[in-house]
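**Student:** Okay, here's the prediction I keep looking at, along with the sequence it came from:
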Amino acid sequence: MTIDETTHMCFACSPINPIGLKLVFADKGDTCVTRFVPGPQHQGWTGRVHGGIVTTLLDEAMAQFLYRRDETAVTAELTVRFRIPAPVGSELLVEARQTGARGRLLTLEAKACLKDGTVVAVAQGKFLRVPPDALG
Ligand SMILES: CCCCCCCCCCCCCCCC(=O)SCCNC(=O)CCNC(=O)[C@H](O)C(C)(C)COP(=O)(O)OP(=O)(O)OC[C@H]1O[C@@H](n2cnc3c(N)ncnc32)[C@H](O)[C@@H]1OP(=O)(O)O
C-alpha cells in the first residue's frame, strides 16, 4: 500500500487533519496502543465522551494493529460494549490485539481503559483483507 504517512487525512491518526484526533500509535508486546485525552468538543451527554468517539478509538487501534503489520484490511463489522461513561478530560489508554485469522477474515479485540485500569469500553472487530490498491 502506498500511503504518505505525513499527508494522509485519516480522521483518527492524521497529523495534519485540523479536526482529527491526531492519535499516535506504538506496538507494545502483542498489542498496538495509544493514549487520548478527550476534550469538551468530544462529548455527547454533558461530561461524557461521545460513544462514536470511543468507538473510533477502538476501531482505529485495531486498524493500526493491522496496518503496522502490513495487512491491508478494512473494518467489516464492529461490536462495542460501553461499560462505563468515559469522562471528558480523563486520559484513555487504548490497546488492540489480534485474536484470529481465517482466509480474508481477521478478528481483533480492543479495549479502552482509564489510567487506573478501569475498563471503559471493549470492542470486537472483524476486518477483511482487500487488495492494496483498493485503499489508495
Ligand atoms: C504509523 C503511521 C500511521 C499512518 C497511517 C496511515 C493511514 C492509516 C489509515 C487507517 C485508517 C483506518 C480506518 C479505520 C478502519 C476503517 O474505518 S475502514 C472503513 C470502514 N469500512 C469500510 O469502508 C468497509 C466497507 N465494506 C466493504 O468495502 C466491503 O463490504 C468489504 C468489507 C471489503 C467486503 O466486500 P467484498 O470484498 O466484496 O467481500 P464479500 O464478497 O462481501 O465477502 C467476502 C467474504 O467475507 C465474508 N464476510 C464479509 N463480511 C463479513 C463479516 N462482517 N463477518 C464475517 N464474514 C464476512 C463473506 O461472507 C464472504 O465469505 P465467503 O463467501 O467468501 O466465504
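**Tutor:** Thanks, I have the structure now. Because the structure is a prediction, the values reported are computed rather than measured. Numbers count the residues shown, from 1 in each chain.
**Student:** Can you tell me the SS state at the residue nearest in space to the middle of the chain?
**Tutor:** The residue at the geometric middle of the chain, judged as the C-alpha nearest the mean C-alpha position with Cα atoms, centre = their mean, is E60 (2.4 Å). Classification of E60 into helix, strand or coil gives helix, according to DSSP: H, G, I helix; E, B strand; the rest coil.
**Student:** What's the local residue count around the nearest residue to it once chain neighbours are set aside?
**Tutor:** Counting by Cβ to Cβ, 6 or more residues apart in numbering, A12 is the residue found nearest to E60 once chain neighbours are left out, at 3.8 Å. The way it works is simple: take the backbone N, C-alpha and C, and place the C-beta from them, glycine included. Using other Cβ atoms under 10 Å, the number of residues around A12 comes to 20.
**Student:** what's around the residue nearest to Q124 when sequence neighbours are not counted, how many residues?
**Tutor:** In this structure, Q124 finds its nearest non-sequential neighbour in T79, 4.7 Å apart by Cβ to Cβ, 6+ apart. T79 is flanked by 12 other residues according to other Cβ under 10 Å.
**Student:** All the helices of this structure, in order from the start?
**Tutor:** Assignment of helices within the chain using DSSP state H yields the ranges 51-67.
**Student:** which parts of it sit against the ligand?
**Tutor:** Near the ligand, the residues belonging to the chain are 3, 5, 8, 10, 13, 25, 59-60, 63, 67, 74-77, 104-105, 126, 128, 130 when assessed by Cβ under 6 Å from any ligand atom.
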